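Asker: heads up, no residue letters with this:
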């Protein structure tokens with residue numbers, strides 16, 4: 001039995017969910033998301049909460065039960081409060097700026113990197129060395145943050161590059177004389 005799958009998903013004020021067959025739509029103040037469930041899982045709305053249950057007792061349905069509940073829970077959290085990821089840029093001359101729907105990154109290459117911001121994602125540059133990526137879809141926010149980090153990942157000797165705000169870089173000792 002899935003411990004996570006058993007838990008009902010409470011719907012906060014202002015969030016509505018509709019279940020039509022295998023499709024779950026969640027609508028809230030920040031936006032709207034939908035998910036198509038796998039065949040082995042069913043969802044239903046009971047008394048202001050969403051419940052996810054397996055249709056049969058197969059191994060696959062048990063495996064998908066907790067995952068489906070978590071995906072729907074992330075959708076509910078996303079449309080009510082949203083998700084955000086913070087990135088920090090460190091290095092001499094490394095900086096970022098938002099220009100319209102493009103993010104311009106100067107990361108020590110011979111040219112600037114122009115990253116088009118996808119729809120549904122908001123990027124703010126509070127400082128030239130600090131970025132906040134926010135959006136409704138947790139998966140999309142994480143993917144955009146990982147893509148920006150991949151342009152110049154942090155290196156272990158000086159710590160230069162783009163890193164998550166919560167990430168710690170294991171530093172290496174430099175070359176000895």
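Answerer: Arrived safely, thanks for sending. Values in this document were obtained by computation on a predicted structure and should not be read as measured data. Numbers count the residues shown, from 1 in each chain.

Asker: What are the structural domain limits within the protein?
Answerer: Using automatic domain parsing, the domains assigned to the chain come out as 3-80, 83-164.

Asker: And for residue 91, the neighbour number?
Answerer: 18 (other C-beta atoms under 10 Å). The C-beta positions use only the backbone N, C-alpha and C, and glycine is treated the same way.

Asker: got it, and residue 168?
Answerer: Neighbouring residues of residue 168 were enumerated by other C-beta under 10 Å; the total is 9.

Asker: low-scoring stretches of this protein, by residue?
Answerer: Along the chain, the parts satisfying pLDDT under 70 run over 1-2.

Asker: Just put the domains of the chain in JSON lines and tack on distance to residue 173.
Answerer: Formatted as JSON lines, the entries for the domains of the chain read as follows, by distance: least, C-beta to C-beta, whole Å:
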{"stretch": "domain 3-80", "distance to residue 173": "41"}
{"stretch": "domain 83-164", "distance to residue 173": "9"}
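
Asker: Residue 174: which of those domains is closest?
Answerer: Each of the domains of the chain was checked against residue 174 via C-beta to C-beta, and the shortest separation belongs to domain 83-164, namely 6.1 Å.

Asker: If you drop the residues flanking it in sequence, what lies closest to residue 69?
Answerer: Nearest-residue entry for residue 69: residue 52, 4.4 Å, with adjacent residues in sequence omitted and distances by C-beta to C-beta, 6 or more residues apart in numbering.

Asker: buried sites along the host helix or strand of that neighbour?
Answerer: Taking DSSP states H and E as the definition, residue 52 sits inside strand 49-54. For strand 49-54, a neighbour-count test (16 or more other C-beta atoms under 10 Å) marks 50-52, 54 as buried.

Asker: how distant is the following helix or strand past it from the center of its chain?
Answerer: Scanning forward in sequence from strand 49-54, with DSSP H and E defining helices and strands, the next element found is helix 59-80. If you compare the mean C-alpha spot of helix 59-80 with that of the full chain, they lie 14 Å apart, counting by C-alpha atoms, centre = their mean, to the nearest Å.

Asker: for the closest residue to residue 162 other than its chain neighbours, what are its contacts?
Answerer: Nearest-residue entry for residue 162: residue 149, 4.8 Å, with adjacent residues in sequence omitted and distances by C-beta to C-beta, 6+ apart. Listed by C-beta atoms under 8 Å, 6 or more residues apart in numbering, the contact partners of residue 149 are 87, 162-164.

Asker: where do the helices sit along this protein?
Answerer: Ranges of helices in the chain, per DSSP state H, are 3-6, 59-80, 138-151.

Asker: The first one: which residues count as buried?
Answerer: Buried residues in helix 3-6, counted by 16+ other C-beta under 10 Å: residue 5.
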